[in-house]
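J.: following is a predicted model, sequence given first.
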Amino acid sequence: MIVCQNLTKQFGELTAVNDMSFEVAEGELFGFLGPNGAGKTTTIKMITGLLRPTSGRAMIGEYDIETHPLEAKRLFGYIPDNPFLYEKLTGREYLAFMADLYATVLPDRSQRIDELLHLFDLYDKGNEMVQGYSRGMRQKIALAGALIHSPKLILMDEPTVGLDPQSAQAMQDILRELCRRGTTVFISTHNLGIAEKLCDRVAIVNKGRMIAQGTVAELRAHVEPMTEAETASLSLEAIFFLLTGSATREELMRYLG
């Protein structure tokens, strides 16, 4: 669903993303991980067409985002970590507005809106203004708006940031359900525990470069030699610290006890 080939983005002398290549399969829940300044947001902006790459290309489905932007953008919905919402609209009005933006022609638009409000447990709040929504409700209505045109791909930056544990779990359940229905989900997050629990595969980036990608089991092969017992016990968090240089093997072993 996503194919990035040698993506590079330079800002003057700064190379924010350096020769980044990876693929995300249809129906996959893919995690994009890295420390602050690693190039995650810049990469997402190139994938979504918000930034033009210095070199390389990003494909959404069969479309190059740079040469066929409208066709590519019809295939996905994007939710940044702090989505902009029209606060003087009700939740229901916001979803209708998003349907207009995507030029969505539905036999029964109101039924589609009702379905999304039910999916996100917002039906009883659908006629209330967005300005009165909690952080969790805002995240949900933003995702519902991105789903109004039934995209094949959803990209989310920090989907659970600022959410209470119950709302964060509800968001995880929703993302998993979307994948079960065949939607591809791409998330960028600092919450490594959620990424390990939720994602089918993850990619770890650091200083603008891809340093590892795969399942947690596959990522363990990228760390320096350890005993079989040590390797088997490595969490995604531990692997992340080792691969990004945030901790040495010795420091990590002391931390793990």
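T.: Cool, the structure landed. Numbers count the residues shown, from 1 in each chain.
J.: where do the strands sit along this structure?
T.: 2-11, 14-24, 29-33, 55-60, 63-64, 76-79, 153-157, 184-188, 201-206, 209-214 (DSSP state E).
J.: dump those to TSV, plus distance to residue 70 and mean pLDDT.
T.: In short, each C-beta sits where N, CA and C put it, glycine included. What follows is these, written out as TSV (distance: least, C-beta to C-beta, whole Å; pLDDT from 0 to 100):
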stretch	distance to residue 70	mean pLDDT
strand 2-11	17	97
strand 14-24	21	96
strand 29-33	24	96
strand 55-60	11	97
strand 63-64	9	96
strand 76-79	12	93
strand 153-157	15	94
strand 184-188	19	96
strand 201-206	27	95
strand 209-214	28	94
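J.: got those strands as CSV, with mean neighbour count and distance to residue 121 columns?
T.: Formatted as CSV, those follow (neighbours: other C-beta atoms under 10 Å; distance: least, C-beta to C-beta, whole Å):
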stretch, mean neighbour count, distance to residue 121
strand 2-11, 17, 29
strand 14-24, 18, 28
strand 29-33, 25, 21
strand 55-60, 19, 29
strand 63-64, 16, 34
strand 76-79, 22, 17
strand 153-157, 23, 18
strand 184-188, 24, 19
strand 201-206, 23, 28
strand 209-214, 18, 34
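J.: need those in TSV (columns: distance to residue 243).
T.: Shown next, in TSV, are the strands of the chain (distance: least, C-beta to C-beta, whole Å):
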stretch	distance to residue 243
strand 2-11	19
strand 14-24	15
strand 29-33	10
strand 55-60	23
strand 63-64	30
strand 76-79	27
strand 153-157	21
strand 184-188	17
strand 201-206	6
strand 209-214	5
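J.: mind checking which of those strands is nearest residue 195?
T.: Closest to residue 195 of the strands of the chain, according to C-beta to C-beta: strand 29-33, at 4.1 Å.
J.: how is the chain carved up into domains?
T.: 1-75+152-214, 84-151, 224-257 (automatic domain parsing).
J.: using PDB, list the CA coordinates for stretch 211-226.
T.: Extracted in PDB, the C-alpha atoms of stretch 211-226 (Å, rounded to 0.1, in the frame of the first residue of the first chain):
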ATOM      1  CA  ILE A 211      18.200   1.300  10.800                       C
ATOM      2  CA  ALA A 212      15.800  -1.700  11.200                       C
ATOM      3  CA  GLN A 213      12.400  -2.900  10.200                       C
ATOM      4  CA  GLY A 214      10.400  -6.100  10.700                       C
ATOM      5  CA  THR A 215       8.500  -7.900  13.500                       C
ATOM      6  CA  VAL A 216       9.900  -7.700  17.000                       C
ATOM      7  CA  ALA A 217      11.300 -11.200  16.600                       C
ATOM      8  CA  GLU A 218      13.100 -10.100  13.400                       C
ATOM      9  CA  LEU A 219      14.400  -6.900  15.000                       C
ATOM     10  CA  ARG A 220      16.100  -8.900  17.700                       C
ATOM     11  CA  ALA A 221      18.500 -10.200  15.000                       C
ATOM     12  CA  HIS A 222      19.800  -6.600  14.500                       C
ATOM     13  CA  VAL A 223      21.200  -6.300  18.100                       C
ATOM     14  CA  GLU A 224      24.700  -7.300  19.000                       C
ATOM     15  CA  PRO A 225      25.300 -10.900  20.000                       C
ATOM     16  CA  MET A 226      23.600 -12.000  23.200                       C
END
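J.: what's the spacing between it and its chain's center?
T.: 21 Å (C-alpha atoms, centre = their mean, to the nearest Å).
J.: other residues contacting that stretch?
T.: For stretch 211-226, contacts defined as C-beta atoms under 8 Å, 6 or more residues apart in numbering pick out 22, 196, 200-205, 231-232, 234-236, 239, 242-244, 249.
J.: good, wrapping up.
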